[in-house]
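Enquirer: Just need the structure, nothing else, for what follows:
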Amino acid sequence: MKLIFELWGEHPDIPRAEISCIGRVTDHRVQVAVAEIPDPKLVQRLAYTHRVMRCQGECSADEEAFIKMLSELSLTSDLPYCGRVKKMDGSRMSLSTMQMERLIGTYIEGPVSVSEPERVFRAIASGDRIYFGEVLWELERGPYHERKPGNREFFHPGVMMPRMIRSLVNLAHAMPGETVLDPFCGTGGTQIEAELIGCNAVGTDADPLMIKGTRLNLPESKAAIADVRYLPFPDNSIDHVVSDLPYGQSVFIIGSELEDLYQSALGEISRITRPGLRSVIVTHRDIRSLVSEYFTICEFFEQRVHRSLTRRILVITH
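Expert: Alright, predicted model coming up:
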């Protein structure tokens with residue numbers, strides 16, 4: 001099915017990139033993407049998609065083309081509906097959102113209900129295009145908020161938020177039934193998000209306190225104390241590694257310098273992961289040259305967290 005994805009704006013590329021875990025992106029502009037999705041139910045695993053629409057048409061970002069598209073669609077609705085419009089930054093559409101919504105109401109036959117619509121038709125104007133469809137699904141942020149680190153039984157500062165972790169699992173293309181390992185599992189955030197989409201989640205950490213905390217947060221979790229330099233897994237036994245690598249002196253490193261730890265960790269991740277599948281690692285440094293000694297880098301993203309921290313996100317395979 002051809003779907004339109006209205007994306008959150010936290011990052012210019014990650015929201016679009018994570019869609020590739022469930023289908024093939026065919027077009028994109030600022031905060032919008034179009035993709036062919038074999039199973040539309042899978043859109044619910046996405047973290048940075050705001051809304052999903054069944055694609056019903058698209059056109060150039062001008063009044064004449066918009067009217068022509070709506071006219072040729074000849075849409076009707078027996079149920080009460082409303083028309084909504086979102087103009088992204090940089091849109092070339094000269095009409096206001098109100099003018100565009102009035103046009104939607106003019107060219108769709110049926111009862112209109114602004115307050116209690118049972119169907120919502122939505123146009124997104126981004127760059128030189130307008131994308132039009134019927135809303136199928138909207139992301140609920142509430143469950144992510146409920147899972148934020150401060151709400152867990154065990155809390156440790158500096159961990160990533162659930163939506164970010166979910167996006168990393170999606171960038172790894174982890175599928176239900178596959179095994180996802182976080183060798184620096186901390187408080188268990190990666191395991192939580194991986195398990196929620198049906199993966200077999202495993203966590204290890206060198207710090208006994210972190211493993212104790214993970215077991216408090218996830219009583220049924222598969223978590224164990226392990227040195228990342230000597231992971232207790234056979235060769236090619238793990239489908240995906242998704243992990244935020246240690247940043248500095250505040251972490252438990254078992255007497256290893258950070259650079260040596262990275263080198264050893266990458267070697268072990270290469271040994272235990274299955275060839276051809278994707279993994280995702282996050283660091284505060286640009287270690288692409290080091291990573292390239294072990295893996296092919298499929299994608300690279302930078303995300304500024306605050307003035308002193310920029311995350312480097314590497315999607316890798318071998």
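Enquirer: Show me the helices in this protein, by range?
Expert: Secondary structure of the chain (DSSP state H): helices located at 14-19, 63-73, 97-107, 142-146, 162-171, 189-196, 208-217, 258-272, 288-291.
Enquirer: Next, format those helices as JSON lines and append mean neighbour count, mean pLDDT and distance to Val30.
Expert: To be clear about C-beta, it is placed using only N, CA and C from the backbone, and glycine gets the same treatment. Output for the helices of the chain, formatted as JSON lines (neighbours: other Cβ atoms under 10 Å; pLDDT from 0 to 100; distance: least, Cβ to Cβ, whole Å):
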{"stretch": "helix 14-19", "mean neighbour count": "23", "mean pLDDT": "98", "distance to Val30": "10"}
{"stretch": "helix 63-73", "mean neighbour count": "16", "mean pLDDT": "98", "distance to Val30": "18"}
{"stretch": "helix 97-107", "mean neighbour count": "16", "mean pLDDT": "98", "distance to Val30": "16"}
{"stretch": "helix 142-146", "mean neighbour count": "11", "mean pLDDT": "95", "distance to Val30": "23"}
{"stretch": "helix 162-171", "mean neighbour count": "24", "mean pLDDT": "98", "distance to Val30": "18"}
{"stretch": "helix 189-196", "mean neighbour count": "25", "mean pLDDT": "97", "distance to Val30": "27"}
{"stretch": "helix 208-217", "mean neighbour count": "18", "mean pLDDT": "95", "distance to Val30": "37"}
{"stretch": "helix 258-272", "mean neighbour count": "18", "mean pLDDT": "94", "distance to Val30": "34"}
{"stretch": "helix 288-291", "mean neighbour count": "14", "mean pLDDT": "97", "distance to Val30": "26"}
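Enquirer: want to try TSV for those, with distance to Ser279 as columns?
Expert: Below are the helices of the chain laid out as TSV (distance: least, Cβ to Cβ, whole Å):
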stretch	distance to Ser279
helix 14-19	15
helix 63-73	42
helix 97-107	42
helix 142-146	23
helix 162-171	9
helix 189-196	12
helix 208-217	20
helix 258-272	7
helix 288-291	10
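Enquirer: what residue lies at the spatial centre of the protein?
Expert: With distances taken as Cα atoms, centre = their mean, Ser167 lies nearest the centre of the chain, 2.7 Å away.
Enquirer: That one touches Glu18, doesn't it?
Expert: Yes: assessed by Cβ atoms under 8 Å, Ser167 is found in contact with Glu18 at 5.0 Å.
Enquirer: Give the intersection of the neighbour lists for the two.
Expert: 47-48 (Cβ atoms under 8 Å, 6 or more residues apart in numbering).
Enquirer: For Phe184, see how far away Thr283 is.
Expert: Distance of Thr283 to Phe184, given as Cβ to Cβ, to the nearest Å: 11 Å.
Enquirer: hey, what's in contact with both of the two?
Expert: Common neighbours of Thr283 and Phe184, using Cβ under 8 Å, 6+ apart, are Leu245.
Enquirer: ok now do the closest residue to Pro40 other than its chain neighbours, which residues does it touch?
Expert: Spatially, and ignoring its direct neighbours in sequence, Pro40 is nearest to Met1 (5.3 Å; Cβ to Cβ, 6 or more residues apart in numbering). Met1 is in contact with 36-38, 40, 54, counting by Cβ under 8 Å, 6+ apart.
Enquirer: got the residue ranges for the strands in the stretch 1-150 of the chain?
Expert: 2-7, 24-29, 32-36, 49-60, 81-87, 119-126, 129-138 (DSSP state E, counting those that start in this stretch).
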